[in-house]
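K.L.:
The following block contains a protein sequence and its predicted model.
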Amino acid sequence: EDQVTQSPEALRLQEGESSSLNCSYTVSGLRGLFWYRQDPGKGPEFLFTLYSAGEEKEKERLKATLTKKESFLHITAPKPEDSATYLCAVQAYSGGSNYKLTFGKGTLLTVNP
Amino acid sequence: KAGVTQTPRYLIKTRGQQVTLSCSPISGHRSVSWYQQTPGQGLQFLFEYFSETQRNKGNFPGRFSGRQFSNSRSEMNVSTLELGDSALYLCASSLVSGGAGEKLFFGSGTQLSVL
């Protein structure tokens, strides 16, 4: 069974204090790894898709990286507006012509001014 | 371009009742997926519809059902509500079904409380 584990569950940073969130996964036939951001009272918002080990993608203060077993979301010099829950999801083949998306439980990031 | 619209935003029901949730995808998107989100279990996949056909189904009891109409709008129904069904129900749309790296666009969800 596909498994996605995110750590830490919660992270509190001071503004400007860089850190990383981890997403480790166990899946057969990874098709893609996604990062989403979710603000309170809203649905998740797409950030990145990574397809293969060694791939990196950046957007403003965020940088996502992928290895064969885990992905990291690096946050450089965060600002209070980066406070949100960050979700990781893996897409894998599930038989026939179907693909399954499994989400981790997320990391709640709080950035204090 | 309008986003994914879910109605209603909030619902309060009692045990044993049934409920229907609605989702209008982004124009042109043909795939609609439903997820249940709870603090303890996170986001769990319910089912996916593409061109009015259910393509994928998660591990939920038969009390949870859905359908998709010819205009891609989708409804989700939960019968015989239980306390444990209290959750945020999220709908997500995408252009195609199961495409590699196909990103999902989520609505703001329907918060269901079962008393």
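P.N.:
Here it is on my side, so go on. Everything numeric in this text was worked out from a predicted model, so none of it was measured.
K.L.:
wait, doesn't residue B:13 sit right on residue B:111?
P.N.:
No: applying Cβ atoms under 8 Å, one finds residue B:13 not in contact with residue B:111, separated by 11.5 Å. No exception for glycine: its C-beta is placed from N, CA and C like everyone else's.
K.L.:
could you measure residue A:55 against residue A:65, distance?
P.N.:
Applying Cβ to Cβ, to the nearest Å, the value for residue A:55 to residue A:65 is 7 Å.
K.L.:
what about chain A, any weak spots by pLDDT?
P.N.:
Along chain A, segments meeting pLDDT under 70 span A:97.
K.L.:
Strands along that one, start to end?
P.N.:
A:3-7, A:10-14, A:19-26, A:30-38, A:45-50, A:56-59, A:62-66, A:70-75, A:84-95, A:98-103, A:107-112 (DSSP state E).
K.L.:
Now these in CSV, please, with extra columns for distance to residue B:26 and mean neighbour count.
P.N.:
As requested, the strands of chain A are exported to CSV (distance: least, Cβ to Cβ, whole Å; neighbours: other Cβ atoms under 10 Å in any protein chain shown):
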stretch, distance to residue B:26, mean neighbour count
strand A:3-7, 26, 16
strand A:10-14, 32, 14
strand A:19-26, 26, 18
strand A:30-38, 16, 21
strand A:45-50, 12, 19
strand A:56-59, 21, 12
strand A:62-66, 24, 20
strand A:70-75, 25, 19
strand A:84-95, 19, 20
strand A:98-103, 18, 20
strand A:107-112, 27, 17
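K.L.:
want to try TSV for the ones you listed, with distance to chain B as columns?
P.N.:
Shown next, in TSV, are the strands of chain A (distance: least, Cβ to the nearest Cβ, whole Å):
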stretch	distance to chain B
strand A:3-7	9
strand A:10-14	12
strand A:19-26	12
strand A:30-38	4
strand A:45-50	4
strand A:56-59	11
strand A:62-66	12
strand A:70-75	14
strand A:84-95	7
strand A:98-103	4
strand A:107-112	10
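K.L.:
which phi and psi does the residue of chain A found nearest chain B have?
P.N.:
Residue of chain A nearest chain B, by Cβ to the nearest Cβ: residue A:43 (3.0 Å). Dihedral pair for residue A:43: phi -80, psi 160, per degrees, to the nearest 10.
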